[in-house]
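Chemist: Pasting the sequence and the predicted model now:
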Amino acid sequence: MFGIPGKQAVTLTPAAAKQIARLMERQGARGLRIGVKKGGCAGMEYTMDYVAELNPMDEVVEQDGARVAIAPMAQMFLFGTEIDYQVSALEASFKFNNPNVAEACGCGESIKFKDQPTG
């Protein structure tokens, strides 16, 4: 496990926790797994997948009926992140307020982390 003992790797706003709990119930999932992968114009993208079984290596955050599992390789990139769920006239989406991000692309779909090699 990565991080500071007693401190959750990520936090969820009430809106995010409510939406994650709703998605878990609708899909019959045990939670949502959050990770990162190479891609997008800034170099990395967030991933979100339904979890049927928790991986013992996942960092698990539970809040208000929501369960988020953070993939092992993503833990160092997501530590300290606040996950929000925002609804506007044009879209509804999860927003990651991540202190580890150095840059984001114009569309907001991909990010570059601090001290991440380029290329």
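Modeler: Okay, I see it. None of the values given here were measured: they were computed from a predicted structure.

Chemist: Residues in a beta bridge with E82, which ones?
Modeler: Counting by DSSP bridges, E82 forms beta bridges with T11, N97.

Chemist: pLDDT weak spots in this structure?
Modeler: The model of the chain has pLDDT under 70 over residues 1-7, 40-42, 103-119.

Chemist: Longest helix in it, by number of residues?
Modeler: Using DSSP state H to define each element, the chain has its longest helix at helix 14-27.

Chemist: That one: which residues count as buried?
Modeler: Applying a neighbour-count criterion of 16 or more other Cβ atoms under 10 Å, one finds A15, A16, A17, Q19, I20, A21, L23, M24 buried in helix 14-27. To be clear about C-beta, it is placed using only N, CA and C from the backbone, and glycine gets the same treatment.

Chemist: Check the protein and tell me which residue is nearest its centre.
Modeler: I34 (4.4 Å; Cα atoms, centre = their mean).

Chemist: so who does that one touch?
Modeler: Contacts for I34 (Cβ atoms under 8 Å, 6 or more residues apart in numbering) come out as V10, Y46, T47, M48, V68, A69, I70, A71, A74, L78, I83.

Chemist: at 10 Å what do you get?
Modeler: 9-10, 20, 46-49, 51, 58-59, 61, 68-71, 74-75, 78, 81, 83, 94, 96 (Cβ atoms under 10 Å, 6 or more residues apart in numbering).

Chemist: So which of the residues you listed are in helices?
Modeler: Applying DSSP H to the contacts of I34, the entries found in helices are I20, Q75, L78.

Chemist: Tell me the one among the residues you listed nearest to N100.
Modeler: Nearest to N100 among these is L78, at 7.4 Å by Cβ to Cβ.

Chemist: Verify the stated contact: the closest one with N100.
Modeler: Yes - between L78 and N100 there is a contact under Cβ atoms under 10 Å: 7.4 Å.

Chemist: which of those two has more neighbours?
Modeler: Neighbours were counted for L78 and for N100 using other Cβ atoms under 10 Å; L78 has more, 25 against 16.

Chemist: For the more buried one, which residues are in contact?
Modeler: Per Cβ under 10 Å, 6+ apart, neighbours of L78: 2-3, 9-10, 34-36, 46, 59, 61, 68, 70-71, 96, 98, 100, 113.
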